[in-house]
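I would like to see how this sequence folds:
(chains A and B)
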Amino acid sequence: MTGTSLAPAPTSPLPVSPRPRGAVGALFRIEAVRLLRHPAVLTGVLLYLALWAYEWGSGALQHRYPVLQDEDRYSQVPLLLIAAGAFIGSNLALTRAQRSGVAAVTDLLPLAPWRRALAQLLVPLPLALLSGLLVGARIAHLAAAPGAVGQPSPLELATGPLVVLLAGVAGVAVGRLTSMVAVGPLVILGMAIFTLVGAVTLSRPMLKWWGLVAIEDEFEPPLPADLMYRPVATHLIYLAACAVLCCAVALAGSRIDRRIGVTAVGVTTVLAVVAGAGQSVTVPGDVAARRLVAEREPSAQQVCRTVDAVTYCAFRDFEGRIDQWSTLVGGVLRHTPSDVAGGRYVVRQRLLFGTTTDSVSISPPLAAWTADDARAGTPGAVPVGTKWGTDQIGGDAMLSFAGHFAARVVTGEPPTEASALSVCRSRAVLVLWLAATATEETTAALRSLLPRTGGSVVLPLVDSSLALSIGRQEVSVVRSLLDRPADQVGQQVMANWAELTRPETGTERAASLLGTRVQGPAAQGARC
Amino acid sequence: MLTTLRALLPHVVRSSRKAPPVLCGVLALGLAALPLAVSYRMEIPYAVTLIRVVSVTVALGVAFALDDAASVTTQVTPTSRLLVRLTRIALSALPLVVVWLAALLLCRAAVPVDARPFLPDGGLALEAAALLAATLAFAAVAVRVSAPTHGGLAAMPGLLLATTAVTLLPDDVQPFAGPGSTRWDTSRWFWLVLLVGAVVVLGGLLREPRHRQRVPAVDGGRTGG
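A predicted model of the protein is given here:
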């Protein structure tokens, strides 16, 4: 060790290795295994698996109802853990010689520096392949869930592993530029901040596409795959161009001809900037046209299935959702008299665009929907959105659908402004109770909603301004009913159905018919 | 004690890495000053997120505090290892605490006046303290089990990976709870437990390992006889 730092730089040209390719391959193999075993990479992979196992173990996965054309994109963010590990691992591998004080000796190695750099640049490939396997296993696991619908996009699935590869080569490039170990984590911090900024600046959607992964607004309802628009292909090209740029930087720093190095870095920078600017967030005309048709007259694009005399129509990607809808509808109809339960009901999936982009909720195109239903021979269909799940957003959507279906049963009319306004007093109690007892999940959804609303309940129709509004007094009656066995209350409901569904029956009367009492005064200035 | 400290200080300054804390401090202040620089009026959730990013940046700055290449040679000096290491920690942590407070004031100034009382300073300070202590504890573990210069090498990536993993946890157990959310108060327990745990680990590891500890007093009778 003594005197290594005093060793003069070699003055004669490097001796040519007899089998440079074999040496590059050998270096690649050793370093690739070392990277896979690096503590940072192992930690990243273990944390990735731990998050997955937690989700699995806590039972959250069983009730998630995954939409695979969204899950493909969600697979990218957890992979950032492995990407961070790849960056740190390959960066530390580059600075290893410097840290061990043998940097000067490496000048004596027979393999040319650029060939060593080349081997280092190939090192993250096996890790990227491993990430690809993890993503594949994850999406297969989700697709096997009973409530999974839709189809994943292979390009979205490829983005995560490509980010891991990019992080690995970026670690090499940064390691070539500086041997300071503190710089690597700070670069990661910078990328994390950029990803965060991209995720919160929804008003400027282009910004996030300059980062590694583009996160979408999670309040946006899922869409059928053919109505989605994300510049995924150009983003992959952009990421690949960034990876090539990192390769050029790493090779340029490896004592190759200066002119070649500068040209390579210049050309790849231009390539990355052009590819980055090529990611357009403007929705193309044909997608916009398809969305308009899907919003106003979707019947031609949908498949219909009849389960227990109720017809369900869904977009093809959401056909599997019909099973969950029929379970919920069956739960609502269970507590209704047989002549009501045997009625002709139709449920049709609806999309409404622009509900989250504008802060004001928009009114649904009821006239267009009615005309579409008439054309398809399914008049009076109850709309249901694409959101579904047991989390806050999905639970609210589930409860809203249950409420509007119950209102359809109780009022005998399809959802309109007038029919929504007629759900008052006794009807409101009945509708909310039917909705809440439809399934265990809707009961949980109501219990999770109440603390957030201060006692009253508003159930919007597919996130539109048309909503069932149920006052505090009626909600308190339903709460006390939920404490009793549903079948017991259900018998009272069926016995008193005619009086309970009459619009003029009051809340107190409904409460006494169902064997409970009204608590608290009626809300002042209430609509009913 | 004070005399020892005064004698110790120049050497500790000389043997400490200055670049990481300076880089992180500058970065933290730069980030916190950004909203003011572009005169952006921040809402509370954004301000809280920014302060959290600043807290992580500041915590990264102390990752190298315990790295001491000379520690092998100073085992035999009469000064206690605990005192030397506490001095090292204070040297990089105290300026960074000041940076954090300044960053908090900068973020506060970017929040509209009427919303400022709703900024949960105390809870955020707890998060920052826990992150700082956890980083130091991580570095102390690395210094003990690996090499005297491997503290920052392990603690910096460790903190980043752990923070990223924590942000990916589901909402119902998320320690970075939203300000004003129903989970804010319960999520503070996570940080309190982390802070106490990290301080306990740190307290246990800063001393010289038991097997290397010096014999406290020489028995006069035995040496004499």
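
and the closest residue to residue A:354 other than its chain neighbours, helix, strand or coil?
Once flanking residues are discounted, residue A:354 sits nearest to residue A:362: 5.9 Å by C-beta to C-beta, 6 or more residues apart in numbering or on different chains. From N, CA and C alone the C-beta is placed, and that goes for glycine too. Under DSSP: H, G, I helix; E, B strand; the rest coil, residue A:362 falls in the coil class.

show me how far stretch A:77-84 is from its chain's centre.
Stretch A:77-84 sits 16 Å away from the centroid of its parent chain (C-alpha atoms, centre = their mean, to the nearest Å).

what about it, average pLDDT?
Confidence for stretch A:77-84, expressed as mean pLDDT, is 94.

and what of stretch A:137-145?
92.

that stretch and chain B in contact?
No. Stretch A:137-145 does not reach chain B (C-beta under 8 Å from any C-beta of the partner chain); its nearest approach is 13.2 Å.

buried stuff in that stretch?
For stretch A:137-145, burial by neighbour count (16 or more other C-beta atoms under 10 Å in any protein chain shown) applies to A:138-139, A:141-142, A:145.

now, which of the residues you listed lie within helices?
A:138-139, A:141-142 (DSSP state H).

which one of those residues is nearest to chain B?
residue A:138 (13.2 Å; C-beta to the nearest C-beta).

any idea how far chain B is from the nearest residue to that closest one once chain neighbours are set aside?
In space, and not counting its chain neighbours, residue A:138 is closest to residue A:75: 5.7 Å by C-beta to C-beta, 6+ apart. Applying C-beta to the nearest C-beta, to the nearest Å, the value for residue A:75 to chain B is 12 Å.

swap in residue A:184?
8 Å.

and that residue, what does it touch?
A:87-88, A:91-92, A:171, A:174-175, B:156-157 (C-beta atoms under 8 Å, 6 or more residues apart in numbering or on different chains).

take those and keep only those in helices.
Short answer: these in helices (DSSP H) are A:87-88, A:91-92, A:171, A:174-175, B:156-157.

most neighbours of all those residues, which one?
Highest neighbour count within the ones in helices among the contacts of residue A:184, by other C-beta atoms under 10 Å in any protein chain shown: residue A:171, with 33 neighbours.

which residues does residue 51 contact?
By default, I'm working from chain A. Neighbours of residue A:51 in contact, by C-beta under 8 Å, 6+ apart: A:78, B:165, B:168-169.

chain B is the one I meant
Here residue B:51 is in contact with B:32, B:103-104, B:107, B:124, B:128 (C-beta under 8 Å, 6+ apart).

just those residues now: which is nearest residue A:387?
residue B:124 (32.8 Å; C-beta to C-beta).

what helices and strands are in contact with the helix or strand containing the closest one?
Using DSSP states H and E, residue B:124 sits in helix B:121-145. Applying 3 or more C-beta pairs under 8 Å, 6 or more residues apart in numbering or on different chains; DSSP states H and E, we find helix B:121-145 packed against helix B:44-61, helix B:81-110, helix B:151-167, helix B:184-206.

which parts of that helix are buried?
Buried residues in helix B:121-145 (16+ other C-beta under 10 Å): B:123-144.

go on, stretch A:334-348?
Residues of stretch A:334-348 classed as buried: A:335-336, A:340-341, A:345-348 (neighbour count, 16+ other C-beta under 10 Å).

can you list contacts of that stretch?
Residues contacting stretch A:334-348 (C-beta under 8 Å, 6+ apart): A:298-299, A:302, A:309-313, A:325, A:329, A:333, A:373, A:378-384, A:405, A:408-409, A:412, A:434, A:437, A:486, A:489-490, A:493-494, A:497.

and for stretch A:475-492?
A:334-335, A:429, A:432-433, A:436-437, A:443, A:446, A:450, A:455-457, A:507, A:510-511, A:513-520.

closest one of the contacts of residue A:184 to residue A:134?
Nearest member of these to residue A:134, counting by C-beta to C-beta, is residue A:87, at 17.2 Å.

isn't that closest one right up against residue A:189?
No. When contacts are counted by C-beta atoms under 8 Å, residue A:87 is not listed as touching residue A:189 (11.1 Å).

got phi/psi on residue 182?
Unless you meant another one, I'm taking chain A. phi -70, psi -20 (degrees, to the nearest 10).

wait, chain B
Torsion angles, degrees, to the nearest 10, at residue B:182: phi -70, psi -20.

same thing with residue A:255?
Backbone torsions for residue A:255, taken as degrees, to the nearest 10, come to phi 50, psi 40.

equivalent analysis for residue A:310, please.
phi -100, psi 130.

for it, give the beta-bridge partners.
residue A:307, residue A:345 (DSSP bridges).

nearest residue to residue B:55 other than its sequence neighbours?
residue B:128 (3.8 Å).

so the one you found is in contact with residue B:59, correct?
Yes. The pair residue B:128 / residue B:59 is scored as a contact, 7.3 Å apart, by C-beta under 8 Å.

residue A:506: how many residues sit nearby?
15.

now do it against chain B, distance only.
Following C-beta to the nearest C-beta, the distance that separates residue A:506 from chain B is 34 Å.

got it, and residue A:459?
Residue A:459 is 21 Å from chain B, by C-beta to the nearest C-beta.

which ones are touching residue B:61?
Counting by C-beta under 8 Å, 6+ apart, residue B:61 has contacts B:20-21, B:23-25, B:28, B:92, B:96, B:99.

now do the contacts for residue B:104.
So residue B:104 contacts B:32, B:51, B:54, B:121, B:124-125 (C-beta under 8 Å, 6+ apart).

identify the residue nearest residue A:216 in space, chain neighbours excluded?
Among residues not flanking residue A:216 along the chain, residue A:73 sits closest, at 6.9 Å (C-beta to C-beta, 6+ apart).

list the helices and strands the stretch of helix or strand the one you found belongs to packs on?
Assigned by DSSP H and E, residue A:73 belongs to helix A:68-74. Packing contacts for helix A:68-74, counted by 3+ C-beta pairs under 8 Å, 6+ apart, involve helix A:124-143, helix A:154-177.

so of these, which one's packed in deepest?
For these, average neighbour numbers computed from mean count of other C-beta atoms under 10 Å in any protein chain shown are highest in helix A:154-177, which has a mean of 24.

helix or strand right after that helix?
According to DSSP H and E, the helix or strand after helix A:154-177 is helix A:183-200.

do the helix or strand just after that next one and chain B meet?
Per DSSP H and E, the first helix or strand lying C-terminal to helix A:183-200 is helix A:206-209. No. Judged by C-beta under 8 Å from any C-beta, helix A:206-209 makes no contact with chain B; its nearest approach is 14.0 Å.

what residues does helix A:206-209 touch?
A:195, A:197-199, A:201, A:214-215, A:231, A:235, A:238, A:276, A:279, A:281.

are any of these buried, and which?
A:195, A:197-199, A:214-215, A:231, A:235, A:238, A:276, A:279.

tell me the one of the residues you listed nearest residue A:28?
residue A:238 (26.2 Å).

quick check: the gap between residue A:413 and residue A:225.
34 Å (C-beta to C-beta, to the nearest Å).

more neighbours, those two?
When residue A:413 and residue A:225 are compared for neighbours, residue A:225 comes out ahead with 18 against 13, by other C-beta under 10 Å.

quick one: the more buried one and residue A:70 touch, right?
No. The criterion here is C-beta under 8 Å, and residue A:225 misses it with residue A:70 at 9.7 Å.

so what sits against both of the two?
Residues touching both residue A:225 and residue A:70 (C-beta under 8 Å, 6+ apart): residue A:150.

how much space separates residue A:409 from residue A:428?
Here residue A:409 is placed at a distance of 14 Å from residue A:428 (C-beta to C-beta).
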